[in-house]
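1. predicted model follows, preceded by the sequence.
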Amino acid sequence: VEKFEDAMPLERQVKKYKKRFGVDFTSTTFSNWMIKTSELRLQPLIDKLSVIQMNSGYIHADETTLQVLNEKNKKAKQKSYIWLKASKDKYPIVLMHYSSNRNEKTAESLFNGFTGYIQTDGYAGYNIVANREGVTQLGCWAHARRKFADIIKSGVSDAKSKVYAQEAVTLIAKLYKIEKEIKDDPPDKKYLIRQEKSKPIIDDIRVWLDANFFKAQELGGAIAKAFVYLNNQFAKLCVYIEDGRLNIDNNGAENHIRPMVLGRKNWLFATSVKGAEAIATWYSIIETAKLNGLEPYYYLKYLLTELPVYQREKRDIEALLPWNVDKGDLGCS
């Protein structure tokens with residue numbers, strides 16, 4: 001929990017335990033414990049969570065970089081990746097996966113056999129999944145908005161670019177205002193309100209986009225790119241109004257990948273591929289626990305106490321999944 005939730009590097013933990021308790025651990029010992037525990041104890045839980053998530057019908061996806069020092073056929077400074085999948089309906093699950101690359105083959109493997117909705121940013125690596133029968137891809141209005149908002153923040157000198165950017169941000173804000181008002185409504189009610197209120201705004205954005213697209217291309221730079229992104233993603237951006245279960249953006253995935261990004265700033269890299277895989281596993285368990293309202297420390301303590309017993313007695317570990325655990329069993333209020 002100190003490493004993956006509190007973003008404390010193992011070396012700092014080693015110094016703390018030696019000073020406070022006089023115990024002469026090494027960071028290598030800690031690292032090996034984390035790798036072995038993820039392989040022997042946590043992997044069966046990850047496998048079960050993965051099956052449940054693949055049947056959820058709606059998954060958010062995102063990815064972020066991770067440096068792995070000792071990786072076959074790669075230099076230490078080359079980028080590897082952590083891919084994230086999050087589902088939040090009946091069974092809230094966050095799963096992370098290590099890959100040496102960011103290409104479409106990884107996306108294809110991670111979503112092999114999946115049918116339903118997949119929500120992403122504009123990264124083309126997911127197209128191979130989105131083009132399969134039974135899969136519908138949603139875009140992310142937050143990403144579309146960000147490209148215009150960044151122009152306003154940057155203080156660019158071109159006045160016309162600022163005008164277009166502000167107009168886009170204002171129009172998209174109307175969609176988010178509706179989402180704020182209906183966030184606690186059931187899906188069927190959300191669908192009706194979106195059809196009544198959000199769809200006309202989206203139609204207005206389409207008209208505005210078409211009217212100004214070529215003028216923006218003449219201006220070039222960031223505003224031209226923002227218009228191209230919005231235009232290319234537009235069909236995917238409209239999908240969320242088709243079903244009240246769907247979200248307007250992919251922020252759900254980004255919120256769960258953020259702790260990994262913060263941790264990476266402190267502990268910087270994984271030494272080995274096994275270490276990178278362990279990182280993905282530990283973050284998966286911790287973020288899934290949090291998504292289910294469980295405090296990570298107490299859930300992990302309970303999990304690592306009970307898992308060996310369940311495995312030894314060949315019992316179904318279904319009872320140890322976060323939504324099946326009573327907070328009273330965790331020893332916390």
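-> Here it is on my side, so go on. Numbering: from 1, shown residues only.

2. from the contact counts, what lies against the helix or strand hosting I152?
-> Element membership of I152, judged by DSSP states H and E, is helix 141-154. Contact partners of helix 141-154 among helices and strands, from 3 or more C-beta pairs under 8 Å, 6 or more residues apart in numbering; DSSP states H and E: helix 159-182, helix 221-237. C-beta here means a position set from N, CA and C on the backbone, and glycine is covered the same way.

3. so M96 is in which element?
-> Using DSSP H and E, M96 falls within strand 93-99.

4. identify each buried residue in that strand, please.
-> When neighbours are counted by 16 or more other C-beta atoms under 10 Å, the buried residues of strand 93-99 are found to be I93, V94, L95, M96, H97, Y98, S99.

5. quick one on the thing from earlier: can I get the CA coordinates of the helix holding I152 in CSV?
-> Output for helix 141-154, consisting of C-alpha atoms alone and laid out as CSV, is shown next (Å, rounded to 0.1, in the frame of the first residue of the first chain):
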residue,chain,number,x,y,z
TRP,A,141,-15.8,14.7,-24.9
ALA,A,142,-13.2,15.6,-22.3
HIS,A,143,-10.4,15.0,-24.8
ALA,A,144,-12.2,17.0,-27.5
ARG,A,145,-12.8,19.9,-25.1
ARG,A,146,-9.2,19.8,-23.8
LYS,A,147,-7.7,20.5,-27.2
PHE,A,148,-9.7,23.8,-27.3
ALA,A,149,-9.2,24.6,-23.6
ASP,A,150,-5.4,24.3,-24.0
ILE,A,151,-5.5,27.0,-26.7
ILE,A,152,-7.2,29.4,-24.3
LYS,A,153,-4.7,28.6,-21.5
SER,A,154,-1.7,28.9,-23.8
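
6. next one: that helix to chain centre, how far?
-> Relative to the chain's own centre, helix 141-154 is displaced by 20 Å; criterion: C-alpha atoms, centre = their mean, to the nearest Å.

7. now the angle between helix 221-237 and that helix, please.
-> Helix 141-154 and helix 221-237 are oriented at 160 degrees to each other (axes from the mean of the first three to the mean of the last three C-alpha atoms, to 10 degrees).

8. residues making contact with helix 141-154?
-> Taking C-beta atoms under 8 Å, 6 or more residues apart in numbering as the criterion, the residues outside helix 141-154 that touch it are 121-122, 161-162, 164-166, 168-169, 172, 175-176, 222-223, 225-226, 229-230, 233, 237, 240, 248-251, 254.

9. most packed of the helices and strands packed on helix 141-154?
-> helix 221-237 (a mean of 18; mean count of other C-beta atoms under 10 Å).

10. who's in contact with that helix?
-> 122, 137-141, 143-144, 147-148, 150-151, 154, 156, 158, 160-161, 164-165, 168, 202, 206, 209, 212-213, 216-217.

11. what about 6 Å?
-> Applying C-beta atoms under 6 Å, 6 or more residues apart in numbering, the external contacts of helix 221-237 come out as 122, 137-139, 141, 144, 147-148, 151, 161, 164, 213, 216-217.
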